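Q: This is a predicted model, with the sequence first.
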Amino acid sequence: MIEDRTSGLEWIMCMKYFEDIEVGEVWDLGQRAVEAAEIIEFATQYDPQPFHTDAAAAEASFFGGLIASGWHTCAIVMELLANYIKTEGLASLGAPGMDSCRWLVPVRPGDVLHGRTTILEARPSASKPMGLITVRTEVFNQDKAKVVQLEGVAMYGCRPIEAGETA
Amino acid sequence: MMYLEDFVLGAENEFGRYEVTEDEVVAFGNRYDNQPFHVDKESAKDSIYGGLIASGWHTCAMFMRMACDAQIGGERMASLGSPGFDDLKWLLPVRPGDVLSVRTKVLSAMPSRSKPDRGTMRFQIWMRNQKGEVVLEMTSMGRYLRRPMEGA
């Protein structure tokens, strides 16, 4: 049997494909709180600098207290986005990279982060049954300060062609 | 203490050895990026990736761990964190069993205009797997203190 991997999405139920995503759309990614224990746990594994892992050392540091690793903040943004993808049934195929990321304000224990993604551009792939969406994702804390902004391209699968239809 | 002035433009550095395990890929995926190709070995086989792959953000986190272990951002440097990065490219999937390492090159050092005690470094970063293939590249930034002036 020859497997059909043209879209790679046969194995998940998608409700929203590349064709359904419109430029100018804003996705509300929802919010979630960040606690000290999680900041320390992530940083102990991936970014063991004292201002991420040690409350007392962080107090005496440039930052004046514990702050989340920027990579942890990116992971939390991904968590919000991945949950949105699942909830909305988006035909996500991952991303080839990220054009820019700015960590604008430190993320601190007790912060509640709220994300939104704006669709800036959409173009079909020339060679594959997918489209490339340029997005800007912004995350704000409970004081409405923007803590991180990311811009980049993500890949979304095209709506499968039904039997009998022509491309 | 290593200050902004101590970085040599164009200098290259190689470091790190990170063994990527399936357990860690799935654990990170379940926590932060639960797309099927990061968490479900079976359905990942049918995906465009043909098997389980690490979240791109997990790969970035592995870079950071290797950088910390190599003292890039450690206590011996006058590090003030990072304002961000540009042109991050996940060039090839990272899979369980891969062994990753890092190469860096110092691109530029820009003293701050508004805060004379610090500046921003830019580094080109490459991550390679055990086959020598580049799996990730980016331009990362770091803020560092400038060397205090004598008698100041």
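A: Perfect, thanks for sending it. Numbers count the residues shown, from 1 in each chain, chains lettered A, B, ... in the order given.
Q: ok, now which ones touch A:S100?
A: A:Q149, A:L150, A:E151, A:G152, B:G84, B:F85, B:D86, B:D87 (Cβ atoms under 8 Å, 6 or more residues apart in numbering or on different chains). Quick note: C-beta positions are derived from backbone N, CA and C, even for glycine.
Q: make it 7 Å
A: A:E151, B:G84, B:D86 (Cβ atoms under 7 Å, 6 or more residues apart in numbering or on different chains).
Q: Ok, A:H72 next?
A: Contacts of A:H72 by Cβ under 7 Å, 6+ apart are A:I39, A:F42, A:A43.
Q: Narrow the residues you listed to just the buried residues.
A: In terms of neighbour count (16 or more other Cβ atoms under 10 Å in any protein chain shown), the buried residues within these are A:I39, A:F42, A:A43.
Q: Which positions in chain A make contact with chain B?
A: A:5, A:8, A:10-12, A:46-50, A:62, A:69-71, A:74-75, A:78-79, A:82, A:85-86, A:92-93, A:95-103 (Cβ under 7 Å from any Cβ of the partner chain).
Q: The residues you listed, buried ones only, as a PyMOL selection?
A: Per 16+ other Cβ under 10 Å, the buried members of the residues of chain A next to chain B correspond to this PyMOL selection:
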select buried, chain A and resi 8+10+12+46+47+48+49+50+69+70+71+74+75+78+79+82+85+92+93+95+97+98+101+102+103
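Q: In helices, which of the residues of chain A next to chain B fall?
A: A:Y46, A:P50, A:G70, A:W71, A:C74, A:A75, A:M78, A:E79, A:A82, A:I85, A:K86 (DSSP state H).
Q: Spatially, which two of the residues you listed are the most separated?
A: A:P50 and A:K86 (35.9 Å; Cβ to Cβ).
Q: Following the chain past the longest helix seen in chain B, name the next helix or strand.
A: Longest helix in chain B by number of residues (criterion: DSSP H): helix B:56-69. Using DSSP states H and E, the helix or strand that follows helix B:56-69 towards the C-terminus is strand B:84-90.
Q: Identify the residues contacting the residue nearest the centre of chain B.
A: Nearest to the geometric centre of chain B sits B:F63, at 3.5 Å (Cα atoms, centre = their mean). Contact analysis of B:F63 by Cβ under 7 Å, 6+ apart lists B:V102, B:I125, B:M127, B:L136.
Q: Starting from whichever strand or helix holds the first one, tell me which strands it pairs with and how they run.
A: Following DSSP H and E, one finds B:V102 within strand B:99-111. Within its sheet, strand B:99-111 is paired with strand B:12-19 (antiparallel), strand B:118-128 (antiparallel), according to DSSP bridges.
Q: okay, those, which one's buried deepest?
A: strand B:118-128 (a mean of 19; mean count of other Cβ atoms under 10 Å in any protein chain shown).
Q: just to revisit the earlier point, could you check how far the longest helix of chain B is from the centre of its chain?
A: Computed by Cα atoms, centre = their mean, to the nearest Å, the separation of helix B:56-69 from the middle of its chain amounts to 5 Å.
Q: Check which residues of that helix are buried.
A: Those would be B:56-68, for helix B:56-69 by 16+ other Cβ under 10 Å.
Q: pull the CA atoms of the lowest-mean-pLDDT helix or strand in chain B into CSV?
A: Of all helical and strand segments in chain B, the minimum by mean pLDDT, DSSP states H and E falls on helix B:41-45, at a mean of 90. Extracted in CSV, the C-alpha atoms of helix B:41-45 (Å, rounded to 0.1, in the frame of the first residue of the first chain):
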residue,chain,number,x,y,z
LYS,B,41,5.0,8.4,18.4
GLU,B,42,2.4,6.5,16.4
SER,B,43,0.6,9.4,14.7
ALA,B,44,3.9,11.2,14.2
LYS,B,45,4.8,8.4,11.8
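Q: elements contacting it?
A: Packing partners of helix B:41-45 (3 or more Cβ pairs under 7 Å, 6 or more residues apart in numbering or on different chains; DSSP states H and E): helix B:36-39.
Q: So what touches the helix it packs on?
A: Residues contacting helix B:36-39 (Cβ under 7 Å, 6+ apart): A:11-12, B:25-26, B:29-30, B:43-44, B:47, B:49, B:52-55.
Q: Can you name the residues that contact A:R116?
A: By Cβ under 7 Å, 6+ apart, A:R116 lies in contact with A:V26, A:W27, A:D28, A:L29, A:E138.
Q: repeat for A:F51
A: A:A57, A:A58, A:S61, A:F63, A:L66, A:I67.
Q: same thing but at 10 Å, please
A: By Cβ atoms under 10 Å, 6 or more residues apart in numbering or on different chains, the contact set of A:F51 is A:43, A:57-69, A:106, B:73, B:79-81.
Q: burial of B:V134, as a residue count?
A: Neighbours of B:V134 under the rule other Cβ atoms under 10 Å in any protein chain shown: 13.
Q: Thanks a lot, catch you later.
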